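Asks: with the input below, show me the fold.
(one chain, ligands or ions: 2)
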Amino acid sequence: MSDRPKNPGRRSWLRAAGAAAAWRSLGLAVPHWRLIPAGLLPVVAQAGTDELERYGKSELRLLNDRPLNAETPAHLLDDAVTPAARHFVRNNGYVPAAATDANAWSIQVHGEACAAPRSVTVGELKRRFRQVTLQLQLECGGNGRAEFRPRASGNPWTTGAIGCAQWRGIRVADLLDDVGMTDAAVYVAYRGADRHLSGASDKDPISRGVPVAKALEPESLLAFEMNGAPIPLLHGAPARLVFGGWPASTSGKWVNELLIRDRVHDGAKMGGKAYRMPCEPMAPGAKAKDDAMCIIESMPVKSLITFPESGSTVQAGNRFEVRGHAWAGDDRVKKMHISTDFGATWQRARLSRPANRLAWQHFRAELTLDTRGYYEVWARATDAQGVMQPMLVPGWNPKGYLNNACHRIAVQVT
Ligand SMILES: Nc1nc2c(c(=O)[nH]1)N[C@H]1C(S)=C(S)[C@@H](COP(=O)(O)O)O[C@H]1N2
Ligand SMILES: [Mo]
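Replies: Numbering: from 1, shown residues only. Ligands and ions are numbered 1, 2, ... in the order given. Below you'll find the predicted structure:
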């Protein structure tokens, strides 16, 4: 046996894995699977790929086209501020038609605990309230779901349902202050203009929210712009909520109703097992009772290696840079570590301050690997409370939320 393992080129070994995922995401048995040429993508997946192209998102990996869901490969998230073209997309229903006049878009503000219910237009909000610009991380609660065993139902996100764009809009607190909240206020929730997949007009695809305290934070926005341009249709034009650090399902898109509730909001995907974790840890694959599930609030500490691309080749003895981002829900990331020996030893990476609270932080480390062969680079973030990312997939749960296991990439040293 040769001491040098014969590694196939990156193209073949990674592409093959990508194609396999696309076939698996069909959710159907393929009787002639032995005859599929290597790298061939299912034609139905390509139909959705055309749709991604139409929205300027052709680099994303399609998970589903009805509704449209797509994630970003890790190496395409290398930018400090995520461009719209590389921000993942998660839809629960059908994308509504684009508004012909964004300023005329109206939002009904009401609810049991709203003192003076009324309708406001985006134009009026922009005129009357101070606008602020913040970089805010949005991560789907199901990011990482694909790794749970037994498999959890839902979109098989791997690592790419995270982005950190710059959002500009008004503070939710200013609007709440304007309409007035009664003492009964408990939750602030949204309804959007998207349609339910069944076509039923009386059903919401999703309608979630946050407790009043989160809504009142100075970083909680009703946004009109993403990265200095009007929000693209897929991301919720002309008005969307942005609650950085919480499951992105709380950040309602195409908002046309804002509700001040006197109870925990009970809209679509607030109850049952949706966006909830078992209140107490459970055995993998066990059955959970709905009343033993707790609503997910702040997201856990996590990080992503965005450079080099997994599968890259580096020269033995040459220095190379490893970089990426780290975030910790409502908290901050305090430390960042990198390992190239499967976690036996760790070296500290340099970590930047966030652009503002609830924005991801960037890390960098310089590495040199002297011996040829296959390596993995692992990254591990620690938050300000001292909580670290786990090495392995944490707490199994029925819907596969909150997988914040360390990100691993493959590097071949030649
Ligand atoms: N109206 C509406 N808002 C929504 C959704 C939706 O389907 N409809 N999806 C939510 C979920 S589950 C996520 S993860 C984020 C995704 O935001 P993005 O598509 O801009 O990345 O939007 C949230 N807001
Ligand atoms: Mo989500």
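
Asks: which residues are in contact with the residue nearest to Pro284 when sequence neighbours are not counted?
Replies: Spatial nearest neighbour of Pro284, excluding adjacent residues (CB to CB, 6 or more residues apart in numbering): Trp396 at 3.8 Å. Every C-beta, even on glycine, is put in place using the N, C-alpha and C of the backbone. Trp396 makes contact with 148-150, 152, 282-285, according to CB atoms under 8 Å, 6 or more residues apart in numbering.

Asks: and Leu136, how far from Gln166?
Replies: Leu136 is 8 Å from Gln166, where distance means CB to CB, to the nearest Å.

Asks: higher neighbour count, those two?
Replies: Neighbour count, other CB atoms under 10 Å: between Leu136 and Gln166, Leu136 has more, with 26 against 19.

Asks: tell me the secondary structure for that one?
Replies: strand (DSSP: H, G, I helix; E, B strand; the rest coil).

Asks: who's in contact with it?
Replies: Residues near Leu136 by CB under 8 Å, 6+ apart: 164-165, 167, 219, 221, 242, 244-245, 358-359.

Asks: what is the burial count for Ala405?
Replies: 17.

Asks: show me where the stretch 1-150 of the chain dips below the pLDDT cut-off.
Replies: The model of the stretch 1-150 of the chain has pLDDT under 70 over residues 1-18, 25, 44-47.

Asks: same thing but at 50, please
Replies: Confidence mapping of the stretch 1-150 of the chain against pLDDT under 50 gives the ranges 1-14.

Asks: which bits of it sit near ligand 1?
Replies: 87-93, 138, 140 (CB under 6 Å from any ligand atom).

Asks: I'd like the residues you listed as JSON lines, with secondary structure and distance to Ala99 appended.
Replies: Converted to JSON lines, those look like this (DSSP: H, G, I helix; E, B strand; the rest coil; distance: CB to CB, whole Å):
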{"residue": "His87", "secondary structure": "coil", "distance to Ala99": "20"}
{"residue": "Phe88", "secondary structure": "coil", "distance to Ala99": "23"}
{"residue": "Val89", "secondary structure": "strand", "distance to Ala99": "19"}
{"residue": "Arg90", "secondary structure": "strand", "distance to Ala99": "21"}
{"residue": "Asn91", "secondary structure": "coil", "distance to Ala99": "17"}
{"residue": "Asn92", "secondary structure": "coil", "distance to Ala99": "20"}
{"residue": "Gly93", "secondary structure": "coil", "distance to Ala99": "17"}
{"residue": "Leu138", "secondary structure": "strand", "distance to Ala99": "22"}
{"residue": "Cys140", "secondary structure": "coil", "distance to Ala99": "25"}
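
Asks: out of these, who's the most crowded?
Replies: In those, the most neighbours by other CB under 10 Å go to Leu138, 28 neighbours.

Asks: wait, that one touches Leu221, no?
Replies: No: taking contacts as CB atoms under 8 Å, Leu138 lies outside contact range of Leu221: 11.4 Å.

Asks: so what sits against both of those two?
Replies: Taking CB under 8 Å, 6+ apart as the contact rule, Leu138 and Leu221 both touch Val242.

Asks: show me what contacts the closest residue to Asp331 other than its chain neighbours?
Replies: Counting by CB to CB, 6+ apart, the nearest residue to Asp331 once its immediate chain neighbours are dropped is Asp383, at 4.7 Å. Neighbouring residues of Asp383 by CB under 8 Å, 6+ apart: 301, 328-329, 331-334.

Asks: of the residues you listed, which is the nearest to ligand 1?
Replies: Gly329 (14.4 Å; CB to the nearest ligand atom).

Asks: the residue in the chain positioned nearest to ligand 1: neighbour count?
Replies: Per CB to the nearest ligand atom, Gly192 is where the chain lies closest to ligand 1, at 2.6 Å. Neighbourhood size, Gly192 [other CB under 10 Å]: 23.

Asks: which residues does it form beta bridges with?
Replies: Counting by DSSP bridges, Gly192 is bridged to Val255.

Asks: excluding sequence neighbours, find me the nearest residue to His337.
Replies: Nearest to His337 is Trp346, by CB to CB, 6+ apart, at 4.0 Å.

Asks: next one: Ser201
Replies: Ser201 sits nearest to Arg195 (CB to CB, 6+ apart), 7.2 Å away.

Asks: roughly how far apart are the one you found and Phe243?
Replies: 23 Å.

Asks: the residue of the chain closest to ligand 1 and Val255 touch, don't they?
Replies: Yes: between Gly192 and Val255 there is a contact at 5.8 Å, judged by CB under 8 Å.

Asks: quick check: neighbours shared by these two?
Replies: Gly236.

Asks: what sits against the closest residue to Arg118 other than its chain neighbours?
Replies: In this structure, Arg118 finds its nearest non-sequential neighbour in Val109, 6.1 Å apart by CB to CB, 6+ apart. Counting by CB under 8 Å, 6+ apart, Val109 makes contact with 117-120, 175, 179, 257-260.

Asks: can you verify Val109 is assigned to a helix?
Replies: No: assessed by three-state DSSP, Val109 does not belong to a helix; its assignment is strand.

Asks: and it, what are its bridge partners?
Replies: Residues in beta-bridge contact with Val109 (DSSP bridges): Arg118, Leu258.

Asks: so how far is Met181 from it?
Replies: To Met181, Val109 is 11 Å away according to CB to CB.

Asks: give the residues shared as contacts by these two.
Replies: Ile260.

Asks: nearest spatial neighbour of the residue of the stretch 101-250 of the chain found nearest ligand 2, skipping sequence neighbours?
Replies: Nearest residue of the stretch 101-250 of the chain to ligand 2 (CB to the ion) works out as Cys140 at 3.3 Å. Closest residue to Cys140 apart from its sequence neighbours, by CB to CB, 6+ apart: Ala161 at 3.7 Å.

Asks: now for the one you found, how many residues are close by?
Replies: 25.

Asks: which residues touch it?
Replies: 71, 88, 90, 139-140, 142-143, 155, 248.

Asks: mind redoing it with 10 Å?
Replies: By CB atoms under 10 Å, 6 or more residues apart in numbering, the contact list for Ala161 reads 63, 69-72, 87-90, 138-145, 155, 248.
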